[in-house]
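Undergrad: build me a model from this:
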Amino acid sequence: MCPGEFIFWMIFILAVVTVTGVVIHHYRTGNNFLKETASSLGAKGDSTGKYVINKNGVKYWYQYSPGGKNTPPSLNVGAQCLSHGEFTVVHESEFDRTAKRIGFSTELQTGDEDFDSAYYILSDTVDFARVYFQSAEKREVIKNIYRAGFCHIAHNGKSIEVTWTGFDKSSLSPALITGTIEKLDKLSRNIPDYFPDQEVLGIPRPRIKVIGLYLFPSLVAAAAIAAWFRGIGYPPLDGSALFMRSLSFSIPALVFYLAVTALAIRGRAAAHKDFLKIALVSAIAFILIANNVFVLVNGSKDTGEPMSHTVAVVGKYLTHHKNSTTCHVLVRSWRPGHDTEGFTVGDDTYSRIQPNRTEAIIITKPGAAGFEWVLSKQFRI
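TA: Residues are numbered from 1 along each chain as shown. Model (predicted):
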């Protein structure tokens, strides 16, 4: 080994050791910091990563999540809170205001102008939420929670939890946790009475419609996956042209379904938020089902005679992905207006193919919908 190589490897090893040490130190310091806070509060960690505190027979907890590449760190603090209602409070966005302005969504108003202009109440147990938010004390507690840095408050009938997105763990302290728990304790007191007409089997009535509207496109997506598996043996030569034809079926169906969805859920506080999510799921499901069924019908219902084409291989290339590589070959096209046809092949076949020397035997069928598809392909190597 020459002196230059020796120096390079020494620097490389030193860099790896240094980075590893920093990561380990950061991890240990973060964990120690969390454990020290838990120890001072008398909290015990559980298998989910929560630190649990039992106080006067009531369960409280907090959890720090470090986040990831595209997810910011967060702090959650929660408390037991049993009721037959639910709500979520978030900062009111321009999207929320627009939805209310056009009459698509209707939000509960408390009469507290400062609160109503700053926060948006999402609830499908409206009578419960109306009584709950009549309390000026509770509204003031929520304001103080937001002033502290939290950005999301949710009650699901079993607990009430606040979330601080983008939380810096160096700000974690026993005082922050105990102060937040005290606020949650105030929010958990004097819960409104049960409103039996607002639920069916424990589910708020307005949400039953929403669940159904999510369920239908989910089932359509499942059917699309099944159609894809069945249609995988009928690959069309012009997949993009077939896809564009399928849009003439999927787009009208999607527009009709979204119109039904809008009429069914309008008037809820979360109508605009759910509509966007349902629209996204439905768009994917309807577009996939139309394309995949088109491919399946085009191949499975094809009664035409197979046609054999002996053509020359004119090129090959690789496409690299994060964890894989795909092998492609190009052959001279037999179809008018087309120069080449492209196919994927296995690694072994790819390595033995020699452009302009290897011949390909492609057997196709015309397609029930007029889109020629590949029955088989072989290469004379």
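Undergrad: pretty sure R245 belongs to a helix, no?
TA: Yes. The assignment for R245 by DSSP: H, G, I helix; E, B strand; the rest coil puts it in a helix.
Undergrad: correct me if wrong: it contacts V295.
TA: No. Between R245 and V295 there is no contact, the gap being 10.7 Å when judged by Cβ atoms under 8 Å. Yep, even glycine has a C-beta here, placed from its N, CA and C like the rest.
Undergrad: which one of the two has more residues nearby?
TA: Legend: neighbour count by other Cβ atoms under 10 Å for R245 and V295, higher for V295 (27 against 17).
Undergrad: from the contact counts, what lies against the host helix or strand of that one?
TA: Element membership for V295 (DSSP states H and E) is helix 271-300. Helices and strands touching helix 271-300, as assessed by 3 or more Cβ pairs under 8 Å, 6 or more residues apart in numbering; DSSP states H and E, comprise helix 94-101, helix 205-231, helix 239-265.
Undergrad: adjacent strands (with direction) for the helix or strand following it?
TA: Next helix or strand after helix 271-300 toward the C-terminus (DSSP H and E): strand 307-320. Within its sheet, strand 307-320 is paired with strand 325-332 (antiparallel), strand 359-365 (antiparallel), according to DSSP bridges.
Undergrad: would you mark the buried spots in strand 307-320?
TA: Residues H309, V313, V314, K316 are the ones in strand 307-320 that count as buried (16 or more other Cβ atoms under 10 Å).
Undergrad: just confirm Y60 is within a strand.
TA: Yes. The assignment for Y60 (three-state DSSP) places it in a strand.
Undergrad: thinking again about what came up before, any idea of the angle the helix holding V295 forms with strand 359-365?
TA: 110 degrees (axes from the mean of the first three to the mean of the last three Cα atoms, to 10 degrees).
Undergrad: and R230, how far from V52?
TA: Per Cβ to Cβ, to the nearest Å, R230 is found 49 Å from V52.
Undergrad: what's the span of stretch 362-372, first residue to last?
TA: End-to-end span of stretch 362-372 (Cα to Cα, to the nearest Å): 12 Å.
Undergrad: residues in contact with the closest residue to L122 other than its chain neighbours?
TA: Once flanking residues are discounted, L122 sits nearest to T88: 4.3 Å by Cβ to Cβ, 6 or more residues apart in numbering. Counting by Cβ atoms under 8 Å, 6 or more residues apart in numbering, T88 touches I121, L122, S123, H152, I153, A154, H155.
Undergrad: helix or strand: which one has T88?
TA: Residue-wise, T88 maps onto strand 87-91 under DSSP H and E.
Undergrad: give me the below-cutoff pLDDT ranges for the stretch 101-250 of the chain.
TA: 194, 196-202 (pLDDT under 70).
Undergrad: ok, now which ones touch the nearest residue to T319 once chain neighbours are set aside?
TA: Among residues not flanking T319 along the chain, T326 sits closest, at 4.8 Å (Cβ to Cβ, 6+ apart). The contact partners of T326, taken as Cβ under 8 Å, 6+ apart, are L318, T319, T344.
Undergrad: equivalent analysis for F195, please.
TA: Contacts of F195 by Cβ under 8 Å, 6+ apart are H84, G85, T125, D127, F128.
Undergrad: what pLDDT does the second one get?
TA: At G85, the predicted lDDT confidence score is 86.
Undergrad: any idea how many residues pack against it?
TA: Residues near G85, counting by other Cβ under 10 Å, number 26.
Undergrad: so it versus D46, what's the distance?
TA: For G85 relative to D46 (Cβ to Cβ), the value is 27 Å.
Undergrad: ditto for the first one
TA: Plainly put, H84 is 27 Å away from D46 if you go by Cβ to Cβ.
Undergrad: more neighbours, these two?
TA: Each of H84 and D46 has its neighbours counted (other Cβ under 10 Å); H84 has more, 17 against 11.
Undergrad: lovely, talk soon.
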